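Undergrad: have a look; sequence and predicted model below, questions after that.
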Amino acid sequence: MNATSTNEARLEVLNGPLVGAVLSRVVGMLAARALCPIDRLDDALLITDAIAAHAGEYTVNGTVGITVTADEEAISLVVSPLRAQGADGLLRASELPGVGNVLERVADEVATGRTDDGAAELLRVRIAFHPA
Amino acid sequence: MALDDPEERGPARAAGQELPDRPNLSLTLPARAENVAVVRHAIGGLGDAIDISDQVLSDVKLAVTEACTNAVVHAYPDGDGPLQVAAYVREERLTIVVRDEGRGIVPRTDSPGLGLGLPLIATLAEALELGTDGEERTEVRMTFRLGDEELAA
């Protein structure tokens, strides 16, 4: 994979209605540009909506920050920085009665961790275009 | 450097005002042609969430597209670099700042374009400023009045 086949966008939005409106469009465009199959694009937007609906409750400073990376194989979302217990909180917030956890059911990989400087938490979600 | 006429714009002119520390929206991505459409869609999402008329949103999209295209074409002649678009909504106005870390806005005798981008932005926006920010990034700052007051007048 060469450098130009990977596209990465960093989105920071003040918590509020802008988050969902802008994030879904950015994810949709990057996924489409990466030739994401239509069924997985639908899945990616479902995950995007779940994150946008709850991320604001777990931010450090009132700004929702999301890095979206798309390549030939997958689209990944990293939500950061999140406050202490924020990554787990955001993950749990995506649970639906009778359905389970939307992120875990739809995404290929879901992981929590810390930012590079260790100061905050992050949630990483990867949606493969052609799941194994 | 401001391209609009302060005398003509009157006291409502928003250019030159300090912007808040944090924008309502910031999008940073590689300055590639394919990403101009991503920015345009993001601005469309912004339009869904704020009170803005279709006409003004159309002007905003066109102006931002022109500014981003300028960055893609001129900022990094030797490769790739970042393109940042930040939006500030305040006092009935929308200010959008397009920044890059390229070589700045300089005349080009070999320019592939027609040179109409900045005049077009100046026509569409209430105010346009060109310059650098505190981190020496090239900055195109456009301010739009939200609503259709001028059309109704």
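TA: Received it, and whenever you're ready, just let me know what you need. These numbers were taken from a predicted model, which means no experiment stands behind them. Residues are numbered from 1 along each chain as shown, chains lettered A, B, ... in the order given.
Undergrad: how many other residues sit next to A:Asp39?
TA: Residues lying near A:Asp39 (other C-beta atoms under 10 Å in any protein chain shown) number 9. Using the backbone N, CA and C atoms, a C-beta is placed for each residue, glycine as well.
Undergrad: so which strand or helix has it?
TA: Per DSSP states H and E: A:Asp39 is located in helix A:38-54.
Undergrad: mean confidence for that helix?
TA: In this model, helix A:38-54 carries a mean pLDDT of 95.
Undergrad: next helix or strand past it?
TA: Downstream of helix A:38-54 (by DSSP H and E), the next one is strand A:63-70.
Undergrad: for that next one, packing partners?
TA: Secondary-structure packing of strand A:63-70 (3 or more C-beta pairs under 8 Å, 6 or more residues apart in numbering or on different chains; DSSP states H and E): strand A:7-14, helix A:18-33, strand A:74-82.
Undergrad: kindly recompute the last result at 10 Å.
TA: Here strand A:63-70 touches strand A:7-14, helix A:18-33, helix A:38-54, strand A:74-82, strand A:121-128, strand B:25-30, going by 3 or more C-beta pairs under 10 Å, 6 or more residues apart in numbering or on different chains; DSSP states H and E.
Undergrad: now that strand, how far from the chain's geometric center?
TA: Centroid separation between strand A:63-70 and its chain, computed with C-alpha atoms, centre = their mean, to the nearest Å, is 7 Å.
Undergrad: strands paired with it, and their directions?
TA: strand A:7-14 (antiparallel), strand A:74-82 (antiparallel) (DSSP bridges).
Undergrad: what's the angle from the first one to helix A:38-54?
TA: The one in question is strand A:7-14. Strand A:7-14 runs at 30 degrees relative to helix A:38-54, counting by axes from the mean of the first three to the mean of the last three C-alpha atoms, to 10 degrees.
Undergrad: now strand A:7-14: mean pLDDT?
TA: Averaged across strand A:7-14, the pLDDT comes to 96.
Undergrad: can I get it in CSV, CA atoms only?
TA: Output in CSV follows, covering the C-alpha atoms of strand A:7-14 (Å, rounded to 0.1, in the frame of the first residue of the first chain):
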residue,chain,number,x,y,z
ASN,A,7,-6.5,9.0,3.3
GLU,A,8,-6.8,10.5,6.8
ALA,A,9,-9.0,13.3,8.1
ARG,A,10,-9.0,14.8,11.6
LEU,A,11,-12.3,16.2,12.6
GLU,A,12,-12.9,18.3,15.7
VAL,A,13,-16.4,19.6,16.4
LEU,A,14,-17.9,21.4,19.4
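Undergrad: rewinding a little: flag every buried residue along the helix holding A:Asp39.
TA: Within helix A:38-54, the residues that count as buried by 16 or more other C-beta atoms under 10 Å in any protein chain shown are A:40-41, A:43-52, A:54.
Undergrad: now do that helix: distance to the chain's middle.
TA: Helix A:38-54 has its C-alpha centroid displaced from the chain centroid by 8 Å (C-alpha atoms, centre = their mean).
Undergrad: still on that earlier bit, how about the helices and strands packed on strand A:63-70 in a markdown table, adding distance to B:Val60?
TA: Below are those laid out as a markdown table (distance: least, C-beta to C-beta, whole Å):
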| stretch | distance to B:Val60 |
| --- | --- |
| strand A:7-14 | 17 |
| helix A:18-33 | 14 |
| helix A:38-54 | 22 |
| strand A:74-82 | 26 |
| strand A:121-128 | 31 |
| strand B:25-30 | 12 |
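Undergrad: what's the closest of those to B:Arg40?
TA: helix A:18-33 (8.8 Å; C-beta to C-beta).
Undergrad: so how far is A:Ala9 from B:Leu83?
TA: B:Leu83 sits 10 Å away from A:Ala9, taking C-beta to C-beta, to the nearest Å as the criterion.
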